[in-house]
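Engineer: I would like to see how this sequence folds:
(2 chains)
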There are 2 protein chains.
Amino acid sequence: MSFDLSSLKYDANGLIPAIAQDAENGEVLMMAWMNAESLAKTLETGHVTYWSRSRQSLWAKGATSGHMQHLVELRIDCDRDCLLLKVTQKGPACHTNRRSCFYTLVEDGKEVITAEPMT
Amino acid sequence: MSFDLSSLKYDANGLIPAIAQDAENGEVLMMAWMNAESLAKTLETGHVTYWSRSRQSLWAKGATSGHMQHLVELRIDCDRDCLLLKVTQKGPACHTNRRSCFYTLVEDGKEVITAEPMT
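Structural biologist: Model (predicted):
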């Protein structure tokens, strides 16, 4: 079956959540949002482009920071309302300069920071 | 720092996306939604409970199917608006009876089904 961008289920704002996972070691790096245009751009260029909800514009990941994500594999979930991107991440994925955005662990009712910013 | 459920950033519907990842092999199994109540229940019982948007009610994963998720680790992202759950998944996570919901691969403009339902 051909893949049709319009066959995905976008939310009321035309967005779909996209999980970025390190293609090599399986680490979940971040979750961000895409619209049809950003996904088309990602597929066309191989460089992951999200939709920035705060800036209301396309967000070519790493365009400013250099911390680009190269798309290795795109997967769709059963409900067609979530994307899984397997990526090669250059440097940190997180804006705090950590590899993954999920550096805060909840343990015994406390928050524990499990990674320091990359230098 | 103590973990406070109300410190998370929920959307306009009081929901936060939660990614479930196999704690053993790192496979991303599914993405679903939680509200504060379902997260509290998850932390209290150790059994992952989501919020069903279609049924508008708590969804104790596996309560009907037996395909429960046991919470191994909870992580919060940098923006506090997404959760990562590392889980032990009993049987399939997907309602189609597949291990993961992300069984559809997009390759060269085509959709490829990469897993069959578990028997």
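
Engineer: give the closest residue to the closest residue to chain B within chain A in space, chain neighbours not counted.
Structural biologist: Proximity of chain A to chain B (C-beta to the nearest C-beta) peaks at A:G26, 3.0 Å away. Using the backbone N, CA and C atoms, a C-beta is placed for each residue, glycine as well. Of all residues beyond its chain neighbours, the one nearest A:G26 is B:G26 (3.0 Å), with distances taken as C-beta to C-beta, 6 or more residues apart in numbering or on different chains.

Engineer: which elements pack onto the helix or strand hosting A:Q21?
Structural biologist: Secondary structure here is read from DSSP states H and E; on that basis A:Q21 sits in strand A:16-22. In this structure, strand A:16-22 makes packing contacts with strand A:28-34, strand A:83-89, strand B:28-34, judged by 3 or more C-beta pairs under 8 Å, 6 or more residues apart in numbering or on different chains; DSSP states H and E.

Engineer: centre of the chain to the second one, how far?
Structural biologist: On the basis of C-alpha atoms, centre = their mean, to the nearest Å, strand A:83-89 sits 7 Å off its chain's mean C-alpha point.

Engineer: next: stretch A:27-42.
Structural biologist: Relative to the centre of its chain, stretch A:27-42 is centred 5 Å away, using C-alpha atoms, centre = their mean.

Engineer: phi, psi for the residue of chain A positioned farthest from its centre please.
Structural biologist: Distance from the C-alpha centroid of chain A peaks at A:D108, with 28.8 Å (C-alpha atoms, centre = their mean). In terms of degrees, to the nearest 10, the main-chain angles of A:D108 are phi 50, psi 40.

Engineer: which stretches in chain A count as helices?
Structural biologist: A:36-45 (DSSP state H).

Engineer: flag every residue of it that's near chain B.
Structural biologist: A:1-3, A:17, A:19, A:21, A:25-28, A:30-31, A:43, A:73-79, A:82, A:84, A:94-96, A:98, A:101-106, A:109-111 (C-beta under 8 Å from any C-beta of the partner chain).

Engineer: so how far is stretch A:29-47 from its chain's centroid?
Structural biologist: A distance of 8 Å separates the centroid of the chain from that of stretch A:29-47, by C-alpha atoms, centre = their mean.

Engineer: convert that stretch to CSV, retaining C-alpha atoms only.
Structural biologist: Provided in CSV are the C-alpha atoms of stretch A:29-47 (Å, rounded to 0.1, in the frame of the first residue of the first chain):
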residue,chain,number,x,y,z
LEU,A,29,15.5,10.8,22.8
MET,A,30,12.5,13.1,22.7
MET,A,31,8.8,13.6,21.7
ALA,A,32,7.7,16.5,19.5
TRP,A,33,5.0,17.3,17.1
MET,A,34,4.7,17.1,13.3
ASN,A,35,2.1,18.3,10.8
ALA,A,36,1.8,17.0,7.3
GLU,A,37,4.1,19.6,5.9
SER,A,38,6.9,18.8,8.4
LEU,A,39,6.6,15.1,7.8
ALA,A,40,6.7,15.6,4.0
LYS,A,41,9.9,17.7,4.5
THR,A,42,11.4,15.0,6.7
LEU,A,43,10.7,12.3,4.2
GLU,A,44,12.0,14.4,1.3
THR,A,45,15.2,15.6,3.0
GLY,A,46,16.0,12.8,5.5
HIS,A,47,16.5,15.4,8.1
